[in-house]
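**Student:** Need a 3D model of the sequence below.
(2 chains)
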Amino acid sequence: NAGVTQTPKFQVLKTGQSMTLQCAQDMNHNSMYWYRQDPGMGLRLIYYSASEGTTDKGEVPNGYNVSRLNKREFSLRLESAAPSQTSVYFCASSYRLGGGGDTQYFGPGTRLTVL
Amino acid sequence: KQEVTQIPAALSVPEGENLVLNCSFTDSAIYNLQWFRQDPGKGLTSLLLIQSSQREQTSGRLNASLDKSSGRSTLYIAASQPGDSATYLCAAPTSGTYKYIFGTGTRLKVLA
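**Tutor:** Now for the predicted structure:
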C-alpha cells in the first residue's frame, strides 16, 4: 500500500516549457486535490476532483490544467511555465468530499523550479 | 472568504512541557477542521479531523478542540518530545465547500 505517489520528485524548467505532474493513489479514494506550497503563504488549493470525471477550480487555478484520468490518477499540467510557478506541489486524496468530509492524505511533493 | 491564522509562527520548548497551538478562522460555517504535521522536506500527515458537530478529538498525546462560535481551534500536545518537532498546520474549508484554506503553520522545536 503506497498511499499517494507523485512523480517527478524534482524538476527544473525554462520559462515557456510545459510539463505534467503525475499523482496516483491506491486507497480507493474518491476525491483528489492539487496544492502548491510557497514560503510564508501556506498551502493553496489549485484544483480538486470530487469524484472520477469531475474537476473544479480551487483558490489559484490560473496557468494550470488538470485531468482526472481514472479513479486512481489525477494529473496537473503547466502549459507554459512561468517563474511564478516555482513552488512545491502536493497531491492529496480523501475517501469522500460529501457529508462531513474526510481526512486528506498527502503525497511527498514535487519541487519545481522555473528559470 | 475564509482566512486561517496560526499563532505563534514559531515555538521552542523544553522536552516534557505541555503546549497549546492556536488556529483561528473567520468563517464559522465549516464542515470540519483538520490539523496536520509537516516534517522538513516532506508531505503533510493528518493528525486530527474534527467534524463541525464535535467539540474535540483526541489521538494519543494530542487533543484538538473546536469552537465554531468563536472561530478557534486549539491543538494541545501533552508531555512534548523532541520527535514532536515539526511544523503544525490547521486547515478549514471555505463556507459550504470542501476547498480547504490552510494556515501558514506553527514551527515547533522541542529541546532535549
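**Student:** Please identify the buried residues of stretch B:89-101?
**Tutor:** B:89-94, B:97-101 (16 or more other C-beta atoms under 10 Å in any protein chain shown). The C-beta positions use only the backbone N, C-alpha and C, and glycine is treated the same way.
**Student:** and the residue most central in space within chain A, what is it in contact with?
**Tutor:** Nearest to the mean C-alpha position of chain A, counting by C-alpha atoms, centre = their mean, stands A:Trp34 at 2.5 Å. Applying C-beta atoms under 8 Å, 6 or more residues apart in numbering or on different chains to A:Trp34 gives the contacts A:21, A:23, A:45-48, A:58, A:64, A:66, A:74, A:76, A:89-92.
**Student:** just A:Asn30 next, same as before
**Tutor:** So A:Asn30 contacts A:50-52, A:71, A:94-97 (C-beta under 8 Å, 6+ apart).
**Student:** any idea how far A:Asn65 is from it?
**Tutor:** 21 Å (C-beta to C-beta, to the nearest Å).
**Student:** same deal with B:Gly83?
**Tutor:** 40 Å.
**Student:** Compare those two (neighbour count), which wins?
**Tutor:** A:Asn65 (14 against 9; other C-beta atoms under 10 Å in any protein chain shown).
**Student:** so the more buried one makes contact with A:Glu79?
**Tutor:** Yes: at 6.6 Å, A:Asn65 and A:Glu79 qualify as touching, with contact defined as C-beta atoms under 8 Å.
**Student:** just to revisit the earlier point, quick check: bridge partners of the residue nearest to the centre of chain A?
**Tutor:** A:Tyr47, A:Cys91 (DSSP bridges).
**Student:** got the residues of chain B near chain A?
**Tutor:** Selection of chain B residues close to chain A by C-beta under 8 Å from any C-beta of the partner chain yields B:4, B:31-32, B:34, B:36, B:42-46, B:49, B:51-53, B:89, B:91, B:93, B:98-105.
**Student:** PyMOL command for the buried members of those?
**Tutor:** Buried members of these, defined by 16+ other C-beta under 10 Å, are picked up in PyMOL with:
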select buried, chain B and resi 4+31+32+34+36+43+44+46+49+89+91+93+98+99+100+101+102+103+104+105
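**Student:** Run through the strands of the chain in chain order.
**Tutor:** Answering for chain A, as no chain was given. For chain A, the strands defined by DSSP state E occupy A:4-7, A:10-13, A:19-25, A:31-38, A:42-49, A:56-57, A:64-68, A:74-78, A:87-94, A:105-106, A:110-114.
**Student:** other chain: chain B
**Tutor:** Going by DSSP E, chain B shows strands at B:4-7, B:10-14, B:19-25, B:32-38, B:44-51, B:56-59, B:62-67, B:72-77, B:86-93, B:100-102, B:106-111.
**Student:** looking only at pLDDT, what's the mean for the last one?
**Tutor:** Meaning strand B:106-111. Strand B:106-111 shows an average pLDDT of 97 in the prediction.
**Student:** picking that back up, for my notes, please list the strands of chain A in a markdown table and give mean pLDDT for each entry.
**Tutor:** Output for the strands of chain A, formatted as a markdown table (pLDDT from 0 to 100):
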| stretch | mean pLDDT |
| --- | --- |
| strand A:4-7 | 97 |
| strand A:10-13 | 96 |
| strand A:19-25 | 97 |
| strand A:31-38 | 95 |
| strand A:42-49 | 92 |
| strand A:56-57 | 92 |
| strand A:64-68 | 96 |
| strand A:74-78 | 97 |
| strand A:87-94 | 95 |
| strand A:105-106 | 93 |
| strand A:110-114 | 97 |
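**Student:** Write out the residues of chain A neighbouring chain B.
**Tutor:** A:4, A:31, A:33, A:35, A:40-45, A:48, A:50, A:58-59, A:90, A:92, A:97, A:100-109.
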